[in-house]
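Participant: The following block contains a protein sequence and its predicted model.
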Amino acid sequence: MAIEVSAASRRIVSAVSRNRAYRDAFEIALVGIAFLLYFLVRGSVVDRDAEALRNALDIVDIERALGFFWEPRLNELAVDHRVLEQLFNQVYFWLDFPVIVAVGLWMYFFGHRHEYTVARDAVLASGAIALVVYHLFPVMPPRLVPAGYGLGFVDTVKESSNFSYQAQSAQPFVNPYAAVPSLHFGWQLLVGGVLIWTSSHWFARGLGFLMPIQQFAAVLFTANHYILDAMAGAVVALMGLLVAMALQRWGYAAASRLAERALAPGDQASVRSPPG
């Protein structure tokens, strides 16, 4: 039985390595499952209201002490100006996961496989790190802080848009207290950096430069994050990038050597290159 399983494993690995269609299907399935698990785990801890509120108020106190608790005024500007409100609602929603998917597909299918692999690993690694932080340090976003605390935030996405991450159908994937770190901002840093890195066209590079700036503004104007959340998102994104670089330098080489030992001699040539 063990021999049969080993032979089947070798055939699967060999087929995936040699056939482009199999590789593409495997890659899409791998990333899709990884993101599904991320959102499921992220949405699994949602019943820590008091702790999340206490941590949010601590963040407000820190920002006030440091002199940059600007979020109420920015949110008020968005509420007072319909154009700003709609602009930042759209940026907050569409310049997140849809853009990550679009840029990933562009890199994967249009000749930027190495950069794609680095970006994929950085996004997934930073997501894994963020899950640990969400569990250890739940934070209530500004829009959910009760009115009795005098902060006066308005959830602009909920109040004036037809889409929301908090829709009932999406509840299994949503953790309302996953504010720190802000991967809305952190992932835009990674995706924007990838566009600058992979493209020589001025428009794509300009878009890569503007994306994190726009998202930073959007998470504040829509009352979805604090400034410190975004700073934490940048740190976690950088940590994810370091993990991705380590995988390129050491991880995939080690995995390739293990695969070579596991496969029959005739199959070894097909697994010398890392996936992606």
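Facilitator: Sure thing, it's come through.
Participant: Tell me, how many residues neighbour Gly67?
Facilitator: Using other CB atoms under 10 Å, Gly67 has 7 other residues around it. Heads up, the C-betas are built off the backbone N, CA and C, glycines and all.
Participant: Likewise for the one 10 residues further on?
Facilitator: Burial of Leu77 is recorded as 14 neighbouring residues (other CB under 10 Å).
Participant: my guess is it is in a helix, correct?
Facilitator: Yes: with DSSP: H, G, I helix; E, B strand; the rest coil as the criterion, Leu77 is part of a helix.
Participant: Please name the residues that touch it.
Facilitator: By CB atoms under 8 Å, 6 or more residues apart in numbering, the contact set of Leu77 is 84, 221.
Participant: Not counting sequence-adjacent ones, nearest residue to Glu76?
Facilitator: With CB to CB, 6 or more residues apart in numbering as the criterion, Glu76 has its nearest non-adjacent residue at 7.3 Å, and that residue is Gly152.
Participant: Revised request: answer the last question for Val180.
Facilitator: Here the nearest residue to Val180 in space, its sequence neighbours aside, is Val139; by CB to CB, 6+ apart that works out to 4.6 Å.
Participant: Give me the phi and psi angles of the one you found.
Facilitator: Summarising the backbone geometry of Val139 under the convention degrees, to the nearest 10, its torsions are phi -130, psi 130.
Participant: For it, give its distance to Asp96.
Facilitator: From Val139 over to Asp96 the distance is 18 Å, taken as CB to CB, to the nearest Å.
Participant: So if I had to pick from these two, which one is more boxed in?
Facilitator: Applying other CB under 10 Å to Val139 and Asp96 shows that Val139 carries more neighbours, namely 29 against 20.
Participant: all helices in the stretch 101-250 of the chain, in order from the N-terminus.
Facilitator: Along the stretch 101-250 of the chain, counting by DSSP state H, counting those that start in this stretch, helices occupy 113-136, 156-160, 183-198, 202-221, 227-246.
Participant: Please identify the most buried of these.
Facilitator: When you average the neighbours per residue for each of these (mean count of other CB atoms under 10 Å), helix 183-198 leads with a mean of 24.
Participant: how far off helix 202-221 does that helix point, in degrees?
Facilitator: 170 degrees (axes from the mean of the first three to the mean of the last three CA atoms, to 10 degrees).
Participant: what distance separates helix 183-198 from the centre of its chain?
Facilitator: 10 Å (CA atoms, centre = their mean, to the nearest Å).
Participant: same question, stretch 250-261
Facilitator: Here the centre of stretch 250-261 is set off from its chain's centre by 27 Å, with CA atoms, centre = their mean.
Participant: now stretch 144-154
Facilitator: The gap between the average C-alpha position of stretch 144-154 and the chain average comes to 27 Å, counting by CA atoms, centre = their mean.
Participant: Would you indicate which residues of it are buried?
Facilitator: Residues of stretch 144-154 classed as buried under the neighbour-count rule (16 or more other CB atoms under 10 Å) are 144-145, 151, 153-154.
Participant: OK, contacts around the nearest residue to Leu210 once chain neighbours are set aside?
Facilitator: Here the nearest residue to Leu210 in space, its sequence neighbours aside, is Gly192; by CB to CB, 6+ apart that works out to 7.6 Å. When contacts are counted by CB under 8 Å, 6+ apart, Gly192 is found next to 207-212.
Participant: what does Ala52 give?
Facilitator: Taking CB under 8 Å, 6+ apart as the definition of contact, the neighbours of Ala52 are 138-140, 177.
Participant: and what of Ser199?
Facilitator: Under the criterion of CB under 8 Å, 6+ apart, the neighbours of Ser199 are 205, 208.
Participant: measure it to Gly148 for me?
Facilitator: When distance is defined by CB to CB, Ser199 is 49 Å away from Gly148.
Participant: Ala217 now?
Facilitator: Separation of Ala217 from Gly148 (CB to CB) stands at 28 Å.
Participant: try Val79
Facilitator: Applying CB to CB, the value for Val79 to Gly148 is 19 Å.
Participant: just to revisit the earlier point, can you check the contacts of Ala52 and name whichever has the most neighbours?
Facilitator: Neighbour tally across these (other CB under 10 Å): the maximum, 29 neighbours, falls on Val139.
Participant: what's the pLDDT at that one?
Facilitator: Reading off the per-residue confidence, Val139 sits at a pLDDT of 95.
Participant: Is it correct that it is in contact with Pro181?
Facilitator: No: at 9.6 Å, Val139 does not count as touching Pro181 under the criterion of CB atoms under 8 Å.
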